[in-house]
Structure formats: C-alpha cells, structure tokens
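S.K.: For reference, the sequence and a predicted model appear below.
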Number of protein chains: 2
Amino acid sequence: MSLLVQKYGGTSVGTVERIQAVAEKVAGFRKDGHDMVVVVSAMSGETNRLVDLAGQMQDNPDPREMDVLLSTGEQVTIALLCMALKNLGFDAKSYTGGQVRIVTDDSHTKARIQSIDEEKIRRDLDAGRVVVVAGFQGSDEDGNITTLGRGGSDTTGVALAAALKADECQIYTDVDGVYTTDPRIVPAASRLDKITFEEMLEMASLGSKVLQIRAVEFAGKYNVPLRVLHSFQEGSGTLITLDEEFTTMEQPVVSGIAFNRDEAKVTLSGIPDIPGVASKVLAPIGEANIEVDVIVQNISADNTTDLTFTVNRNDMTKAKAVMDSISEELGAKAVLTDDSVVKISIVGVGMRSHAGVASQMFRTLAEENINIQMITTSEIKISVIIEERYAELAIRSLHTAFGLDKTE
Amino acid sequence: MSLLVQKYGGTSVGTVERIQAVAEKVAGFRKDGHDMVVVVSAMSGETNRLVDLAGQMQDNPDPREMDVLLSTGEQVTIALLCMALKNLGFDAKSYTGGQVRIVTDDSHTKARIQSIDEEKIRRDLDAGRVVVVAGFQGSDEDGNITTLGRGGSDTTGVALAAALKADECQIYTDVDGVYTTDPRIVPAASRLDKITFEEMLEMASLGSKVLQIRAVEFAGKYNVPLRVLHSFQEGSGTLITLDEEFTTMEQPVVSGIAFNRDEAKVTLSGIPDIPGVASKVLAPIGEANIEVDVIVQNISADNTTDLTFTVNRNDMTKAKAVMDSISEELGAKAVLTDDSVVKISIVGVGMRSHAGVASQMFRTLAEENINIQMITTSEIKISVIIEERYAELAIRSLHTAFGLDKTE
C-alpha cells in the first residue's frame, strides 16, 4: 500500500481503446490497495491540431490565448479517463491544473510551477478516489491558464509526487526503460535497472530522449524516486534515484553511451591570442539567441589561436553569419563550419572514483582509427566530437569496451 | 457608444474562416466606439464529437466529467477568436465561465446561473479590450466546472448583459430575425421588427426555434433588450423587448403563427365523470416523466366522459402503455392514440384588448373545411389541434386572415 503518481503520455492515451487500457491498469493498482494519482497528456495528435488552428488565426499566436487553447487537450483526457474508471466501478475525480491548484508564474507557454495545493487531492484520496490531473498546465496568481511547455506533463507528475510525498512517480511511455545506449545502433544494449538523477540528466541532454530534463531535475531536487516504464508491456522499467542508493552495489564505471547528431561545428581560425577574445566571439552568439554546446580553444601558436564551438545544426548558418560579421574586426583568418559531426559521450557516476576512464575511451576510438576533433569533460561524463560517419562504430566499440553488452 | 453583448452560435464560429469573419464584425463595432463583450459557442460539430467520445467510455457518462469534457468546446473558440481579434490589431481577452466567474448551482449538465462577478470584465472593458466569454458554462461554489445544457450560450449572453446592464444583447444566428411564421411554409411570411418577451416565449415553445426559452425568460425577467440577427447578412433583425415599448405603435392583433408537429394525441374514452378522475389519469403520466401539453375533457354524457391530452410523439407509445395499465381500474372504454396531429397557434399581445380573435381563427379554419379536434387558450395565444395533413393550409390561411402577409 503506497501512494503512486503515474503519468501517461499522449501515445498512451491516444485512442478510446488506449484510455480504457490505462483505466484498467490504474484500476489494477487501486485494487492492490495503492492510493492513485494519475497525470495525463492530451491524446496524441490533439496538441498539433490545436497548434495548427492557432497558426491559422495569428502568425505568432498570443501566448495567453495559446495556453487557453492548448490546455483543453488534457482537459478532454482527464474527463474521458475518469469516465472509463467509473465504468469499471472505480470512483474517480478529474482536476485541471488550475482546479488543483497548480500555481505557476505568468510566463505563458513555458510557465514554471511555483506551488501546489495538495489539499483537495488528499481529501479525494482519503475518500478512496482515483485522482486524475491534467498534465502540462496550471494557472497564475490571477487565475489565468498557463502551460508548462511541451513535455510538461512529466514535470506535473514529478511536482505532484513531490507535493504529496508519493512513494514513487511512474512515467509510462513507449519504451520499457532507460538503455545503456540506443538499441537500434547497438543490439546488445541493455536496460538499466537503476540510474542516478545526475546520470539521467547527462543521458537525456545528450540525446536519450526518454524523459524531460526539467522533470528529472525536479525529481532530483526533491528526491522523488522516478521510474520509467512501458505503458502496455510488463516489466519493472528503470528507477531513477539518488546516488546513495548505489553504495551497496557493485557500481559499473560507465552506465551508458549517449550521443547527439544535432551538432554542427563552427571554427574561427587565426584570431589574436589576447585576453577577452573568447568573450568577444561568444557574446554576439548569445545575443543572437544561439545556444553553444562544446567550446574548445587551441593552444596558442605565433600569438594566434583557433576557437571552435558547436551549435545546433539548425543554427549553423545563423552562427556563421554572426562570425562573418565580427571576423574582420577580430582580425580572424577564416570562419569554417562543419555539420557532419557527432557528439559521443560516456556517462557514469562511477567515473568519480575510477582513474583511466578517459584514456580507455580514447584508446578504444584510436583502435578503430577514429579521429577525435574536440574533447570536453565533466565529473560524470566525457564527450568527444568526431566525424559523423563513425558514429555507430564509435558507439558500438565503446559499449563493448566498457562492458555494457548484454551477457545473456 | 454603448455596451453590447453579442452571442455567436456554433455555426457562426464553425470554421477558421467564420471565426475570422466574426472577429471582423466585432472589430467593426469596437471601431465604432462600442464596448464589446462577445459570447461564443463551441465550433459546430465539436460538441457532438465530444459527446460521442464520452459515449464510448460510459453508457451514461458521469455528469461532472461530462461537463469537464464539453466545456473544452467553447474554450477552444474563445482562444481562437481572441487570436483573430489580436491579428486585426484589437486587444482582446478570453474568459472561461469559471474564470469570469459565472457561479451556478451544482446540477451538472443542466446547471442554473446563480450569480456573475462582472468586475474583471468591467476592468478589461475600461482598458479598451474586447472581452470574449465561453458560453454554456460556469462553475459551482467548489470550483467544479458546470454546463447550462444545450443552447445555454444564449443564456450566458443574456445573463452577462443583465449583470453588466448592457444596452443590448444581440444573438447572432443563421436566421435574420423572428418571422410571422415559417417562411418555408408561407413564402409571404415577414420578419418582425419587434416582438414582446411574452410573445416570443409563446412562439419559441410552439416551434419557432430561434432562441432558447430560458434565455428569453431571463431577458424578460431582467428587462434586457434582446435582438436576433443573422451572423453573415446585413439587417436589423428582430428586437425582443417589453410590452410597454409597443404602446405608441399601431399594434397588430396577431404577431405570428406558430406550430408544432411533434405532438401526438392520447384519448381515454368512456371514463366515469367523477371528481378526481383527471388527476388519476395524469398522475401516472407525470410519474413516467412524460410531459403533457394540451389537455381537454369532454362534456359529460351518460355520466361518462372522454379525456384527451397531447404528448411529444416520442412519448406516445410509453403514454399508451401507462393508460392501458390504468384503464381497467378506471373503467375506461378504450385508449386511443393518434400521431398524425399538429398544433397551430396564433400569438399576439394585441389579443388582450381585441375581442373576436378566436372566432375569426375558427371561421378561417372552417372556411377551409379543417376540423378542429382540440382548443386551448391563454391570454396571448389560441392553439388548436388539427389533422397534420392540413398544417400548411391552416398556417397559410391564418397568416393571410390576420393580415401578416408581406405587403411589398
């Protein structure tokens, strides 16, 4: 008997039949004696339909009205799921974000949760009801409807779990857990039973798109045990939890191999190696609203240096234009771009206490004749930029080298 | 410069293009200096889509969750209309019923408005904004979403107009006003410039389905001038107003001819003519939730009498079964039914001060050899039940006899 917060995404509630399947699943947990709070997204396709309608009204739809519009998507799902639960003989009650109330700031379309009043939910749980809450939404202090941005339903689930001090927040999705790497590239990839919040953050931001980063951050901050599971398959999924939980385990050095194909490289070569030059290069990039990922500055030669950074591939042309506009003033020799690169990262809290992880990574890549163009490291990950055509080879060989291949 | 409340129904906002057309119309009024509050329904088809989804979840969908579901329909429209208005350069702000707040009782799917807090709307109007309100919905004292039942958007419009003391409540629809009778039957039927609330109530309940009865009652009670207009055609429509407004006019005796084809006749013949027999007949009909319209009891002969009443055609079989079950106990001779009848009514406040209206009606029908089966009268209307096949002939001849045919 525990208090569970479960979140089902748009695909899991995409049809009448699937909503009925979710109802049966939830009813099963309730029958086992668990207190159930269920967070749902809009039925898949619905949000796109609404966004499309808005686009026909206004080129840049008014953010306040966009939130009024989009929030109807989840509102439809909560009502339908409650009906399906009642049809199975289980008492249930729906809440919009505003009804709970989930108070957010007034940043329409990307609001942040500020507080949650859990009193009404608590009362319903005490009365034995399943509580169904619309994900992705809340309301500001003046009662205006707000949304948390795409994928915000994960955040709603975690925030509710934190407020209610739930035993676990379970995110149901279309994968059965977090893998050591993408199984489409490495068939020997295996599902992780456990992973730390920090590792998950590194994995997520690096391309293993199972969970919204914000939700993982939130769960880490409030120490909400988070579990990723498949909506329609059996299995215990992957538990995302605190580092301490791992102390008694034989901890692997590397937990997974992440990668990101969306990177493009921009190089400003032959710039004078004087203080402040990096800031002069990167300030206008920031002003142009371009996010920079990896940054590397070469060792100086002849008082000049090369500065290389990576941006999202969609921003490469824009970044080059910005560089072209300042390269003369900086006295740069050339602006070079390359959009056929990939970032490969090994991630693991075990790295903290193990030496030689980086050299093993570089040796493995060298043995495959893969040239490393850029390197960047953090406490629990090492990333390299390499030519994109070597991506699969690099991922497979690193997966094997760090002992992640399935054994059975 | 006046304060107008305008209501646009589902057909008027049924497509992206129509919402844009409504926005242009509203913008025109705003440009002329009017303060504008706009009430909208769900896009046509949307409510049916949602009702259908609910039906797939539960045979008798939970009323509370039904309201959560259905209220999304209008919420979509208010957001889209505000976007369209902003796109035209007009400031606008949307409100759901609960946001206004329109407080109702907790009778889900058929709630009644109890109070309206007009403060927020007033503030927006003062700031020059067009206020767009979701029709058909409100919330109860605990913040549960409620709906007012089909057609409730008219009621929302009138209630807002009453609360804001608006100069006029304009109901935009797919007809250009209230007619002396159905123009499909009498091509010479003409649009009424004015009609009283009482006449409108008699017209509406008798089959001229332009406005919801509840909305007209509400408007009459709070003396809100109500105007019916066509959404996409020019014209001044029909103003529905108080009796007093007519005092200076040359008032016609009869304002219109209404009719109702949905009637069926049930007769219990040869029952003993003793006190309490009518109640014995009609009590079980009420208990069976069948609404009775016209009731006529014949003059007694040989101490027995006939009792005839009309019900909705859909209820005829049920009503006959009820009668059959009690006919023996009452000692009735037979239970007869007839579903090929029609009710024709002449309506007009002028009847109050004019004698001979009834006899003119009966004479007109007699001249056409139409037999009258039942008669019932009120202060401002006279209704007859006749064979259905004479419906058009009766309506046309009465329309001419009472001087309602178009003159131009």
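M.R.: Now that the structure is in, tell me what you want to look at.
S.K.: Quick one: residues contacting A:Glu263.
M.R.: By C-beta atoms under 8 Å, 6 or more residues apart in numbering or on different chains, A:Glu263 lies in contact with A:Asp293, A:Val294, A:Thr310, A:Val311, A:Asn312, A:Arg313, A:Val341, A:Val342, A:Lys343, A:Ile385. Any C-beta I mention is one placed from the backbone N, CA and C, and that applies to glycine too.
S.K.: for it, phi and psi?
M.R.: Torsion angles at A:Glu263 (phi, psi; degrees, to the nearest 10) stand at phi -100, psi 150.
S.K.: if we can go back for a sec, tell me the most packed of the contacts of A:Glu263, by neighbour count.
M.R.: In terms of neighbours by other C-beta atoms under 10 Å in any protein chain shown, those top out with A:Thr310 at 29 neighbours.
S.K.: Beyond the helix or strand hosting A:Met323, next helix or strand please.
M.R.: Here A:Met323 sits within helix A:316-330, counting by DSSP states H and E. Counting by DSSP H and E, the next helix or strand C-terminal to helix A:316-330 is strand A:334-338.
S.K.: Dump the helix or strand following that next one to PDB, keeping only the CA atoms.
M.R.: Using DSSP H and E, the helix or strand that follows strand A:334-338 in sequence is strand A:341-347. Taking C-alpha atoms only, strand A:341-347 is exported to PDB below (Å, rounded to 0.1, in the frame of the first residue of the first chain):
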ATOM      1  CA  VAL A 341      30.000  15.800 -36.800                       C
ATOM      2  CA  VAL A 342      28.500  13.900 -33.900                       C
ATOM      3  CA  LYS A 343      29.000  14.100 -30.200                       C
ATOM      4  CA  ILE A 344      29.600  10.800 -28.300                       C
ATOM      5  CA  SER A 345      29.600  10.700 -24.500                       C
ATOM      6  CA  ILE A 346      30.200   8.100 -21.900                       C
ATOM      7  CA  VAL A 347      28.300   8.800 -18.700                       C
END
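S.K.: CA atoms of the helix or strand following strand A:341-347 as PDB?
M.R.: Next helix or strand after strand A:341-347 toward the C-terminus (DSSP H and E): helix A:357-367. Output of helix A:357-367 as PDB, limited to C-alpha atoms (Å, rounded to 0.1, in the frame of the first residue of the first chain):
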ATOM      1  CA  VAL A 357      38.300   6.100 -17.900                       C
ATOM      2  CA  ALA A 358      39.200   8.900 -20.400                       C
ATOM      3  CA  SER A 359      42.300   7.100 -21.700                       C
ATOM      4  CA  GLN A 360      40.400   3.900 -22.200                       C
ATOM      5  CA  MET A 361      37.800   5.900 -24.200                       C
ATOM      6  CA  PHE A 362      40.500   7.500 -26.400                       C
ATOM      7  CA  ARG A 363      42.300   4.200 -26.800                       C
ATOM      8  CA  THR A 364      39.100   2.400 -27.900                       C
ATOM      9  CA  LEU A 365      38.400   5.100 -30.500                       C
ATOM     10  CA  ALA A 366      42.100   5.100 -31.700                       C
ATOM     11  CA  GLU A 367      41.900   1.300 -32.200                       C
END
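S.K.: How far away from the center of its chain is helix A:357-367?
M.R.: 28 Å (C-alpha atoms, centre = their mean, to the nearest Å).
S.K.: Which elements pack onto the helix or strand immediately after that helix in the chain?
M.R.: Scanning forward in sequence from helix A:357-367 by DSSP H and E, the next helix or strand is strand A:372-378. Secondary-structure packing of strand A:372-378 (3 or more C-beta pairs under 8 Å, 6 or more residues apart in numbering or on different chains; DSSP states H and E): strand A:292-297, helix A:357-367, strand A:381-387.
S.K.: What are the buried residues along the longest helix along chain A?
M.R.: As assigned by DSSP state H, the longest helix anywhere in chain A is helix A:63-87. For helix A:63-87, burial by neighbour count (16 or more other C-beta atoms under 10 Å in any protein chain shown) applies to A:64-87.
S.K.: cool, and stretch A:120-130?
M.R.: A:Lys120, A:Ile121, A:Arg122, A:Asp124, A:Leu125, A:Arg129, A:Val130.
S.K.: how about JSON lines for those, with secondary structure added?
M.R.: Shown next, in JSON lines, are the buried residues of stretch A:120-130 (DSSP: H, G, I helix; E, B strand; the rest coil):
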{"residue": "A:Lys120", "secondary structure": "helix"}
{"residue": "A:Ile121", "secondary structure": "helix"}
{"residue": "A:Arg122", "secondary structure": "helix"}
{"residue": "A:Asp124", "secondary structure": "helix"}
{"residue": "A:Leu125", "secondary structure": "helix"}
{"residue": "A:Arg129", "secondary structure": "coil"}
{"residue": "A:Val130", "secondary structure": "strand"}
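S.K.: follow-up on the earlier one: compile the helices and strands packed on strand A:372-378 into JSON lines and extend it with columns for mean pLDDT.
M.R.: Putting the helices and strands packed on strand A:372-378 into JSON lines (pLDDT from 0 to 100) gives the following:
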{"stretch": "strand A:292-297", "mean pLDDT": "87"}
{"stretch": "helix A:357-367", "mean pLDDT": "92"}
{"stretch": "strand A:381-387", "mean pLDDT": "93"}
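S.K.: My guess is A:Arg112 contacts A:Leu148. True?
M.R.: Yes. The pair A:Arg112 / A:Leu148 is scored as a contact, 7.5 Å apart, by C-beta atoms under 8 Å.
S.K.: which one of these two has more residues nearby?
M.R.: Neighbour count, other C-beta under 10 Å: between A:Arg112 and A:Leu148, A:Leu148 has more, with 28 against 15.
S.K.: Go ahead and confirm that one touches A:Ala111.
M.R.: Yes. Assessed by C-beta under 8 Å, A:Leu148 is found in contact with A:Ala111 at 5.6 Å.
S.K.: can you list residues touching both of the two?
M.R.: Common neighbours of A:Leu148 and A:Ala111 (C-beta under 8 Å, 6+ apart) are A:Thr104, A:Gly138.
S.K.: ok, of the buried residues of stretch A:120-130, which one's closest to B:Val5?
M.R.: A:Lys120 (33.5 Å; C-beta to C-beta).
S.K.: A:Tyr95 is in contact with the closest one, correct?
M.R.: Yes. Counting by C-beta under 8 Å, A:Lys120 does reach A:Tyr95; the two are 7.2 Å apart.
S.K.: on that earlier part again, check the buried residues of helix A:63-87 one by one and keep those near chain B.
M.R.: A:64-66, A:68-69, A:71-72, A:75-76, A:78-80, A:82-84, A:86-87 (C-beta under 8 Å from any C-beta of the partner chain).
S.K.: ok so, going back, closest one of the buried residues of stretch A:120-130 to chain B?
M.R.: Within these, proximity to chain B (C-beta to the nearest C-beta) peaks at A:Lys120, which comes in at 8.7 Å.
S.K.: The closest one: what's it in contact with?
M.R.: By C-beta under 8 Å, 6+ apart, the neighbours of A:Lys120 are A:Tyr95, A:Gln99, A:Val100.
S.K.: swap the cut-off to 6 Å and go again
M.R.: A:Lys120 makes contact with no residue under the criterion C-beta atoms under 6 Å, 6 or more residues apart in numbering or on different chains.
S.K.: What's the per-residue pLDDT of the residue sitting furthest away from the middle of chain A here?
M.R.: Distance from the centre of chain A peaks at A:Asp302, with 43.3 Å (C-alpha atoms, centre = their mean). Note for A:Asp302: predicted pLDDT of 78.
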